[in-house]
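> Dropping a prediction and its sequence here:
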Amino acid sequence: MKGFSIYGLFFLLLTAAGCSVGKRLPPGERLYRGATIKVEKQKDVKASAKTLRSQLKAAARPKPNKFLLGQPYKVWWYYFIGEPKRPKGFRAFLRNKLGEPPVLSSRVNAKVTAENMNAYLENIGYFHSTVTGDTVNKSYFTSAVYNANVFPQHTIRNITWVNDSSALLKQLDTKRKRKSLLKKGMPYRLSDIEAERERLDLRLKTKGYYNFNPDYIMAYVDSTIGNYQVDLFFNIKNTTPEIAKHPFTINRITVFPNYTLLRPPPDTSKVGTTDVDGLSVRDTIHDFKPDLFKRTITYRPGKLYSSIDQNTTLNRLINLGAFKFSKNRFEAVKDTANPYRLNVFYYLTPAKKKSLQGEIDGFSKENKYVGSQLSINWKNRNTFHGSEQLAVKMYGSFEVSSNDSLKRNNNYRFGTEATLNFPRYLIPFFRVHESNLYPARTQLLLGYEYFIKRNYYSKNIFRFNYEFQWRESANKQHIFSPFSFTYVNAANVTDSFYKAAALNPGLLTNVYSEAIVSSYYSYTYNTLNPLGKNQWFLKLDGEVAGTTIGLISGAKEPRSKNVLGAPFAQYVKGDMDLRYTRRFRSKWQLANRLQLGIGFPYNNSAYLPFSKQYIVGGSSSIRAFAVRTLGPGSYKPTLQDQAYYQTIGGDYKLLGNTEIRIPIVGRFSTAFFIDAGNVWTRDTVLFGKAGQLKKDFLKELAVASGIGLRVDASVILLRFDFGIPLRKPYLPDGQRWVIDKIALGDKTWRRENLVFNIAIGYPF
């Protein structure tokens, strides 16, 4: 009875609110309740009545207010708040966010809406159909009722171009046959005809027809041939201007790399221009080398005008990073003898050449460390007058942990890093010509870091990297580094660390000096449309280290050969990160991720370098296990391991994640997830046989589940996840599933098993 009375009271309150809305409406007005659409199908109509109603409802106007249990709750709130005194005050915020103004009966015109519905049916091929509409009043509501009599949808029988043998029509007819959006037998839709005209126009724009317009293409429809079919006829309008029927060629290309609107416009005459490879560059202050534009502009005088060339060049100029604004202009040559030529002008506004920034960041890491970093960043966007970007960064940071095993074991980092980016392939003795939509980049990186692990040791880390980056398309990126070098030298090892290593010799691997000489390649693909129903992401990485040096030195045993006084690493490594997200109409999302990692250390290396090892656990991995507490294999890291080891990881990795993301209200959403995975080692040097990869490695998978809350704060997405372990691989075989031991009401169980993660952004 108590539950019934609460729901009854809630219903009475809603009803009372609805009655108060009726009293507040303007005199003579009613509240629009919505539309009811009745569909009568004639014989041979294939679409269901439900589908037709849904299509016609989209054309119904106006859209009604939102109702709950038959009452306009948002309109009630709109009137309850009342007219705010200030347009941007708190009262206005409540009224605009929680309420909505009433949709009044005076806005409803059923006759006009019925005509629009009838036109919509004709536009999608349901010729001869009819729609009538009327309104019905009840209490203080007005509803619209529409009756649709629907005839079968017509299909395309023939598509014919009325060809007058002109070059333009031949071009159109050729292009139509190759990739036409219109096919025989498909349903007639006006939108498809409009899309086909747009497609043909875009194709012509790549063949020199600069002045052509899709409106110049006329489509005729013959719907009298019977059998619910139509014939389509295309032609060029008689009113099409002559200039639109001829292809244009490029006459002259002029570049103004110092253009600005803040000062009087520069002289755009030919005086002071430099000719380079068919281009005219007017750089009176000599701030940019002419070769920069020779590489960036992808076409030359004498070539047919092409919208693809124009978009590619403009995009390449924008992506150089040296220009704040980039725009182009076309001007027809005033020559009656040969008028079908274009002069092209590029106006480029340089970005600020040098900048200096200071940053203070706070961070929280998955290994339970929190800290802060101060960095100073200096940047030159045009270092050698060819849009080369030089960035120098100096930083210092500290990390502290609340984890019992890591207390009083703070980390400190001090370092500097310099990167030099070239907007081209920088290969000695070779010149690579490329005209992709995005300019290729070559990056040189040189860095040094001094790392202090308090009470244990310090490390000097030197890095050099030579890397190429290029995009095959907007959604396909390649990165290739023919040479990458990292040198790690440990120093200041404390007596307390050596005492711990005497009991566990494997800890000494943390203070071994090491050199990594490698080459790597990375490929990234993602779905081009970020709003599509099916979203894919794929990242493939491959790395080879120490192969050439190993062949020269003849290394056969771990740490037997050195380079620059330190043993060099030898390994082959491959990674795959595959993600798939399915979006549903209800705005639910099913997100999945599969990660595979295989590292094969050999000869001079018994295990992967710590910086290259795979790890699991944490807020973006297996969310019921903290970093440094899971794996490898069935090994359970001790508190001493967590305190002394730089990384607790392995040479192989398998990780799978699935989560259902459900919107709640406004910026809030929730998620239910399942995570599974682990890492393993190739050798037994670090963690013994328990961490080694075995044939039955699937028995050592950790499994977790949980629930999360997401808050979309526009700039960032805050994520709060509670993870519960379902399978613990470090327990004895046969006892690893712990689902039956879940006890949310037990304080001790919650403290030992329930893991709370706070993070920024989605886990994948």
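Cool, the structure landed.
> Which of the helices or strands spans the closest residue to residue 670 other than its chain neighbours?
Nearest residue to residue 670 in three dimensions, chain neighbours excluded: residue 662, at 5.3 Å (C-beta to C-beta, 6 or more residues apart in numbering). For every residue, glycine as well, the C-beta is placed using N, CA and C. Using DSSP states H and E, residue 662 sits within strand 652-665.
> What pairs with that strand, parallel or antiparallel?
Sheet pairing for strand 652-665, assigned by DSSP bridges, gives strand 589-601 (antiparallel), strand 668-680 (antiparallel).
> How far does the first one sit from its chain's centre?
If I follow you right, that is strand 589-601. Computed by C-alpha atoms, centre = their mean, to the nearest Å, the chain-centroid distance of strand 589-601 equals 18 Å.
> Can you name every helix or strand that whichever helix or strand comes after that strand contacts?
Downstream of strand 589-601, the next assigned helix or strand under DSSP H and E is helix 639-644. If you count contacts as 3 or more C-beta pairs under 8 Å, 6 or more residues apart in numbering; DSSP states H and E, helix 639-644 packs onto helix 495-503.
> Any buried residues in the helix it packs on, and which?
Buried residues in helix 495-503, counted by 16 or more other C-beta atoms under 10 Å: 497, 500-501.
> And the contacts of the next helix or strand after that helix?
Next helix or strand after helix 495-503 toward the C-terminus (DSSP H and E): strand 514-526. Outside of strand 514-526, the residues within contact range by C-beta atoms under 8 Å, 6 or more residues apart in numbering are 475-488, 535-546, 548-549, 562-564, 566-569, 609, 611-612.
> Return the members of those classed as buried.
Neighbour counting with 16+ other C-beta under 10 Å marks 477, 479, 481, 484-488, 535, 537, 539, 541, 543-546, 549, 562-563, 566-569, 609, 612 as buried within the contacts of strand 514-526.
> Which residue ranges make up the domains of this protein?
For the chain, automatic domain parsing gives the domain ranges 2-150, 155-245, 251-350, 353-453, 613-764.
> At the geometric centre of the chain, which residue sits there?
Centroid-nearest residue in the chain, with C-alpha atoms, centre = their mean: residue 530, separated by 6.3 Å.
> For residue 196, see how far away residue 487 is.
61 Å (C-beta to C-beta, to the nearest Å).
> ok so, going back, just the ones of the buried ones among the contacts of strand 514-526 in helices?
Applying DSSP state H to the buried ones among the contacts of strand 514-526, the entries found in helices are residue 549.
> So which of the buried ones among the contacts of strand 514-526 are in strands?
Judged by DSSP state E, the buried ones among the contacts of strand 514-526 include 477, 479, 481, 484-488, 535, 537, 539, 541, 543-545, 562-563, 566-567 as members of strands.
> rewinding a little: out of the domains of the chain, nearest to residue 593?
Among the domains of the chain, the nearest to residue 593 by C-beta to C-beta is domain 613-764 (4.2 Å).
> now that closest one, how far from the centre of its chain.
In terms of C-alpha atoms, centre = their mean, the centre of domain 613-764 is set 25 Å apart from its chain centre.
> now stretch 325-333
32 Å.
> Over to stretch 305-316?
With C-alpha atoms, centre = their mean, you get 24 Å for stretch 305-316.
> Let's test this: mean pLDDT of stretch 696-708, rounded?
Mean per-residue pLDDT for stretch 696-708: 96.
> Contacts for that stretch next, please.
Stretch 696-708 has contacts (C-beta under 8 Å, 6+ apart) with 616, 622-625, 630-631, 633-634, 654, 659, 670-678, 680, 694, 719-729, 733, 736.
> And for stretch 329-346?
Stretch 329-346 is contacted by residues 210, 243, 246-256, 268, 297, 305, 313, 317, 326-328, 347 when judged by C-beta under 8 Å, 6+ apart.
> Just the buried subset of the residues you listed, please.
210, 247-256, 297, 305, 313, 317, 326, 347.
> Deepest in the core, which of the strands paired with strand 652-665 is it.
A comparison of the strands paired with strand 652-665 by mean neighbour count, using mean count of other C-beta atoms under 10 Å, puts strand 668-680 on top with a mean of 21.
> coming back round to it: could the strands paired with strand 652-665 be laid out in CSV, adding mean pLDDT and distance to residue 96?
Below are the strands paired with strand 652-665 laid out as CSV (pLDDT from 0 to 100; distance: least, C-beta to C-beta, whole Å):
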stretch, mean pLDDT, distance to residue 96
strand 589-601, 97, 28
strand 668-680, 97, 19
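> moving C-terminal of the lowest-mean-pLDDT helix or strand in the chain, what's the next helix or strand?
None of the helices or strands of the chain scores lower by mean pLDDT, DSSP states H and E than helix 2-24, at a mean of 58. Using DSSP H and E, the helix or strand that follows helix 2-24 in sequence is strand 31-41.
> what's that following strand packed up against?
Packing partners of strand 31-41 (3+ C-beta pairs under 8 Å, 6+ apart): helix 49-58, strand 141-150.
> Please state the offset of that strand from the chain centre?
For strand 31-41, the distance to the chain centre is 40 Å (C-alpha atoms, centre = their mean).
> Who does residue 468 form a beta bridge with?
Going by DSSP bridges, residue 468 forms beta bridges with residue 442, residue 480.
> I'd like to know how many residues surround the residue nearest to residue 482 when sequence neighbours are not counted.
Distances taken as C-beta to C-beta, 6+ apart put residue 519 closest to residue 482, at 5.5 Å, once the chain neighbours are dropped. Residue 519 has 16 neighbouring residues, counting by other C-beta atoms under 10 Å.
> Next one: residue 519 from residue 558, what distance?
22 Å.
> in stretch 694-709, what's buried?
Under 16+ other C-beta under 10 Å, the buried positions of stretch 694-709 are 697, 700-706, 708.
> OK, contacts around the residue nearest to residue 136 when sequence neighbours are not counted?
Take residue 136 and drop its neighbours on the chain: the residue closest to it by C-beta to C-beta, 6+ apart is residue 143, 5.0 Å away. Residues near residue 143 by C-beta under 8 Å, 6+ apart: 32-36, 135-137.
> Select only the buried ones of the residues you listed in PyMOL?
Buried subset of the contacts of residue 143, written as a PyMOL selection, criterion 16+ other C-beta under 10 Å:
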select buried, resi 32+33+34+35+135
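> Could you export the contacts of residue 143 as a markdown table, including distance to residue 309 and pLDDT?
Converted to a markdown table, those look like this (distance: C-beta to C-beta, whole Å; pLDDT from 0 to 100):
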| residue | distance to residue 309 | pLDDT |
| --- | --- | --- |
| 32 | 53 | 95 |
| 33 | 56 | 93 |
| 34 | 52 | 93 |
| 35 | 50 | 94 |
| 36 | 54 | 95 |
| 135 | 57 | 95 |
| 136 | 60 | 94 |
| 137 | 62 | 93 |
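> Let's have the contacts of residue 143 in CSV, adding distance to residue 411.
Listed next are the contacts of residue 143 as CSV, based on distance: C-beta to C-beta, whole Å:
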residue, distance to residue 411
32, 64
33, 65
34, 62
35, 65
36, 68
135, 73
136, 73
137, 74
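> who does whichever helix or strand residue 394 is part of touch, helix- and strand-wise?
Under the criterion of DSSP H and E, residue 394 resides in strand 389-401. Applying 3+ C-beta pairs under 8 Å, 6+ apart, one finds that strand 389-401 contacts strand 369-380, strand 411-422.
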